[in-house]
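Enquirer: Sequence and predicted model, in that order:
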Number of protein chains: 2
Amino acid sequence: MSLPAEGPTPLLVVDDDVKLCRLLRDYLEPLGYAVEAVHDGRSGLARALSGDHAAVILDLMLPGMNGLDVLRELRRESTLPVLMLTALGDEPDRIAGLELGADDYLPKTFSTRELLARLRAVLRRSAATRAAGGPEREAPVAVGGLWIDPGARSVTLDEKPLALTPVEFTLLLCLARSAGRVRSREQLLLEAADRDFESFDRSIDVHVSSLRKKLGDDAKEPRFIETVRGVGYRLRRPEAP
Amino acid sequence: MSLPAEGPTPLLVVDDDVKLCRLLRDYLEPLGYAVEAVHDGRSGLARALSGDHAAVILDLMLPGMNGLDVLRELRRESTLPVLMLTALGDEPDRIAGLELGADDYLPKTFSTRELLARLRAVLRRSAATRAAGGPEREAPVAVGGLWIDPGARSVTLDEKPLALTPVEFTLLLCLARSAGRVRSREQLLLEAADRDFESFDRSIDVHVSSLRKKLGDDAKEPRFIETVRGVGYRLRRPEAP
DNA sequence: GCCGGAAGGTAAAGGTTCGGTAAAGGTGGG
DNA sequence: CCCACCTTTACCGAACCTTTACCTTCCGGC
């Protein structure tokens, strides 16, 4: 990806609300961003694919081509960071958007602070992945009835979505990636919470406990997370006959 | 794994759609890959097992031998990276594929960019695990009908899993690693329980006793753990006629 | 062969450690 | 301030390790 090394950070805003677009421009340009605005889905997609921007702020309610369709098409070709604008309480769209590969969402009632925070977070993350070796797309992991998608940070169990907290998600992902092998509390804590372990730290146990509850798992006869006494935990790998 | 150090990266494509195979070859060869294509499952499996390739792109819909069967068979012998091709929205197959050990999936409507990105990701990951995780991992030990896996911290006896306590496990592992040689109670206690031995300490004897019980072993005519009077214990190595 | 002591086998008891989990406490973002 | 989340604390029960005790087996000496 080739972005100019200097100058303001170029952003694309796709929203049919012209007033909102102006608002965003007025707020963001003094802060070092260059805002290009388009007002329908089709041109939004075209501009987003041009490679001229560092990120897109994308409304989901659009005339012509729906925002979700724009996102889906965009994701066939590009890993450009996408921040989607959703009406308050529009949970289903939000989830659909994140599953299609949006990087974050922004309620339409956002505060300027919130906007800036999420925008920066999204840009930072994309810069980080780029620096770390390009658009490393992480493959989803499936084990037992679990489907874990690192990109969307979503989990389904027997086709049904689970609501996990960040630490729970990472913990589960970490266990799933080494399914069948034991992982120590040290490793888990480091990967899931980025923290060092010191004795009498029970937080992994607690996270495992609540994970099990959400998975409908029983600690004694677990379908998923097995305890390995004195060592750590292990995700069961289904028998392979 | 022995791949040529130089030249194009050799790929295997298994798909009955000859046109698609040609498409892949035309796209990938100029980018530094060598594409070998076969069009049915059975030859796909045979070629994949040859060790001649760096990765496989595997269609799941195949005449003769199903792609999932190919994958399952392949995974018995090989950790070769597999990218599977799935029809859009074919969630069940995707899940089955990943559970069988596919490394990623590619919707049949993939863009060339997407193909390349995922292919590179898969190759990079496999290179990484080979470089880092490979030699570091502790190798399982097999002796008699025993299979001891330090990574999983699991033991099977004649294919059936055994539930051992931490000390029992370490004790058995320790004995198995020096199968055929005697180990003193001192050594065993130190390795298995991290404790110093002082005279009249019987705890190793007790652990050996319960181990034998779990192994179905008889102290007098042992299949596994032999007593060496006045010295310690020894795990029998199966006769080598 | 018989005897005695040392070594080893093992069941059971005792005490400790470990892990599950509810609930309290703390923290940061909205 | 509220909410969601993570961590810490506390308590309990279960699993575990060691010790003890009582046998059996082994082996050298008689």
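Expert: It's in. Bear in mind the structure is a predicted one, so any value in this text is a computation, not a measurement.
Enquirer: can you map out the strands along chain A?
Expert: For chain A, the strands defined by DSSP state E cover A:9-14, A:33-38, A:55-59, A:82-86, A:104-107, A:141-143, A:146-149, A:154-157, A:160-162, A:182-184, A:225-228, A:232-235.
Enquirer: between the third one and strand A:33-38, how big is the angle?
Expert: Relative orientation of strand A:55-59 and strand A:33-38, computed by axes from the mean of the first three to the mean of the last three C-alpha atoms, to 10 degrees: 40 degrees.
Enquirer: Quick one: mean pLDDT for strand A:55-59?
Expert: In this model, strand A:55-59 has a mean pLDDT of 91.
Enquirer: from what I can see residue A:54 touches residue A:32, true?
Expert: No. Applying C-beta atoms under 8 Å, one finds residue A:54 not in contact with residue A:32, separated by 11.3 Å. Any C-beta I mention is one placed from the backbone N, CA and C, and that applies to glycine too.
Enquirer: Now do the shared contacts for these two.
Expert: The contact sets of residue A:54 and residue A:32 overlap at residue A:9 (C-beta atoms under 8 Å, 6 or more residues apart in numbering or on different chains).
Enquirer: and chain A, what are its domains?
Expert: A:9-130, A:141-235 (automatic domain parsing).
Enquirer: Out of the ones you listed, which gets the lowest mean score?
Expert: domain A:9-130 - the lowest mean pLDDT of the domains of chain A, at a mean of 80.
Enquirer: What is the burial count for the spatially closest residue to residue A:52 that is not a sequence neighbour?
Expert: In this structure, residue A:52 finds its nearest non-sequential neighbour in residue A:10, 6.0 Å apart by C-beta to C-beta, 6 or more residues apart in numbering or on different chains. Residue A:10 is flanked by 15 other residues according to other C-beta atoms under 10 Å in any protein chain shown.
Enquirer: again with the one 3 residues further on
Expert: Counted with other C-beta under 10 Å, the neighbours of residue A:13 add up to 27.
Enquirer: check contacts around it.
Expert: Residue A:13 touches A:21, A:24, A:25, A:35, A:36, A:37, A:38, A:56, A:57, counting by C-beta under 8 Å, 6+ apart.
Enquirer: what sits against residue A:167?
Expert: Neighbouring residues of residue A:167 by C-beta under 8 Å, 6+ apart: A:192, A:193, A:207.
Enquirer: measure the last one to DNA strand C for me?
Expert: Computed as C-beta to the nearest atom of the strand, to the nearest Å, the residue A:207 to DNA strand C distance reads 9 Å.
Enquirer: State whether residue A:211 and residue A:164 are indeed in contact, as I suppose.
Expert: Yes. If you go by C-beta under 8 Å, residue A:211 and residue A:164 touch, sitting 7.4 Å apart.
Enquirer: what does chain A have sitting close to DNA strand D?
Expert: Counting by C-beta under 7 Å from any atom of the strand, the residues of chain A close to DNA strand D are A:163, A:165-168, A:193, A:195, A:200-203, A:206-207, A:220, A:229.
Enquirer: So which of those is surrounded by the most neighbours?
Expert: Neighbour max across the residues of chain A next to DNA strand D (other C-beta under 10 Å) = residue A:207, 22 neighbours.
Enquirer: so that residue makes contact with residue A:192?
Expert: Yes. Counting by C-beta under 8 Å, residue A:207 does reach residue A:192; the two are 7.2 Å apart.
Enquirer: got any residues that touch both of those two?
Expert: Shared contacts of residue A:207 and residue A:192, counting by C-beta under 8 Å, 6+ apart, come down to A:167, A:171.
Enquirer: Can you tell me which residues in chain A are near DNA strand C?
Expert: A:111, A:113-114, A:117-118, A:202, A:205-206, A:208-209, A:212-213, A:218-219, A:227, A:229-231.
Enquirer: Near residue A:144, how many other residues are there?
Expert: Neighbourhood size, residue A:144 [other C-beta under 10 Å]: 17.
Enquirer: Nearest spatial neighbour of it, chain-adjacent residues omitted?
Expert: Nearest one to residue A:144, counting by C-beta to C-beta, 6+ apart, is residue A:238 at 5.5 Å.
Enquirer: From DNA strand D, how far off is the one you found?
Expert: Look at residue A:238 and DNA strand D: by C-beta to the nearest atom of the strand, they are 23 Å apart.
Enquirer: Help me confirm that residue A:225 comes into contact with residue A:211.
Expert: Yes. Between residue A:225 and residue A:211 a contact is recorded at 6.6 Å, counting by C-beta under 8 Å.
Enquirer: so what sits against both of those two?
Expert: In contact with both residue A:225 and residue A:211: residue A:217, using C-beta under 8 Å, 6+ apart.
Enquirer: thinking residue A:235 is in contact with residue A:175, fair?
Expert: Yes. Under the criterion of C-beta under 8 Å, residue A:235 makes contact with residue A:175 at 4.1 Å.
Enquirer: Which of the two has more residues huddled nearby?
Expert: More crowded of residue A:235 and residue A:175, by other C-beta under 10 Å: residue A:175, with 29 against 23.
Enquirer: who's in contact with the more buried one?
Expert: By C-beta under 8 Å, 6+ apart, the neighbours of residue A:175 are A:183, A:188, A:225, A:233, A:234, A:235.
Enquirer: Between these, which sits nearest DNA strand D?
Expert: The closest of those to DNA strand D turns out to be residue A:188 (C-beta to the nearest atom of the strand; 10.2 Å).
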